[in-house]
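Undergrad: turn this into a model:
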Amino acid sequence: DLSWVSVVVRDEAARMLDMGFARDLEYILSKVPKKRQVLMYSATMTPDIDKLAKSHMVKPKEFLVSADEPVLDLISQHYMHVDNDSKRDVLKAIIDDGHPRTIVFCHMKHRAGQLTKKMVNEGYIAATLHGDVPQAKREKTMKAFKDGTIDLLIATDVAARGLDIDDVDYVINYDMPDSPETYVHRIGR
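TA: Numbers count the residues shown, from 1 in each chain. This next block holds a predicted model:
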């Protein structure tokens, strides 16, 4: 019974649509009172989000934060084209220079897990973060990464949104992201 709901908050609205939850979101909104406040948050504003906002909000207002500058001036970006067989060697060369706190993004959880295992076997202090990692272990991993116990976090895009980590030295796209929006989310960690 959602008849008592007066405020609906949707965080990561674009990601929810990307993951196929559009029908679920529509269903939930059909079950809450028509007189309600709806807040939607999304780091990227896609046409689908705009359409969703206009269909479920009364006089929606859009607030843009640094819309012209999707990447902060504080972030220095570099591109290296590396063949698949050399990626791990290049990654090791980058992180061996000072052991920076690094997040490495892979496309698939299997690849993230394999890379983590190989890096740990070679003496690196690393952990993996993906959708199949239980919540308790995710929290333990994030605490260890934040406090410096782990300096190499290998993750899928599950970590590209919603994480706020201070003093990350490098974000490495081991696998290229599927979209510019995902790229912005990844490097903003």
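Undergrad: which helices and strands sit right next to the least confident helix or strand in the chain by mean pLDDT?
TA: Lowest by mean pLDDT, DSSP states H and E among the helices and strands of the chain is helix 13-18, with a mean of 71. Other helices and strands packing on helix 13-18, by 3 or more Cβ pairs under 8 Å, 6 or more residues apart in numbering; DSSP states H and E, are helix 22-31, helix 47-56. (Glycine included, C-beta is placed from N, CA and C.)
Undergrad: want to throw those helices into a markdown table with mean pLDDT, distance to residue 142 and mean neighbour count?
TA: Below are the helices and strands packed on helix 13-18 laid out as a markdown table (pLDDT from 0 to 100; distance: least, Cβ to Cβ, whole Å; neighbours: other Cβ atoms under 10 Å):
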| stretch | mean pLDDT | distance to residue 142 | mean neighbour count |
| --- | --- | --- | --- |
| helix 22-31 | 84 | 27 | 12 |
| helix 47-56 | 76 | 27 | 14 |
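Undergrad: got any ranges where this protein has weak pLDDT?
TA: Applying pLDDT under 70 to the chain flags the ranges 18-19, 43-44, 65-73, 159-163, 189.
Undergrad: can you map out the strands along this protein?
TA: Secondary structure of the chain, counting by DSSP state E: strands at 7-10, 37-40, 102-105, 126-129, 152-155, 170-173.
Undergrad: name the stretch among those that sits most buried.
TA: Burial of the strands of the chain is given as mean neighbour count (mean count of other Cβ atoms under 10 Å); strand 152-155 ranks first at a mean of 27.
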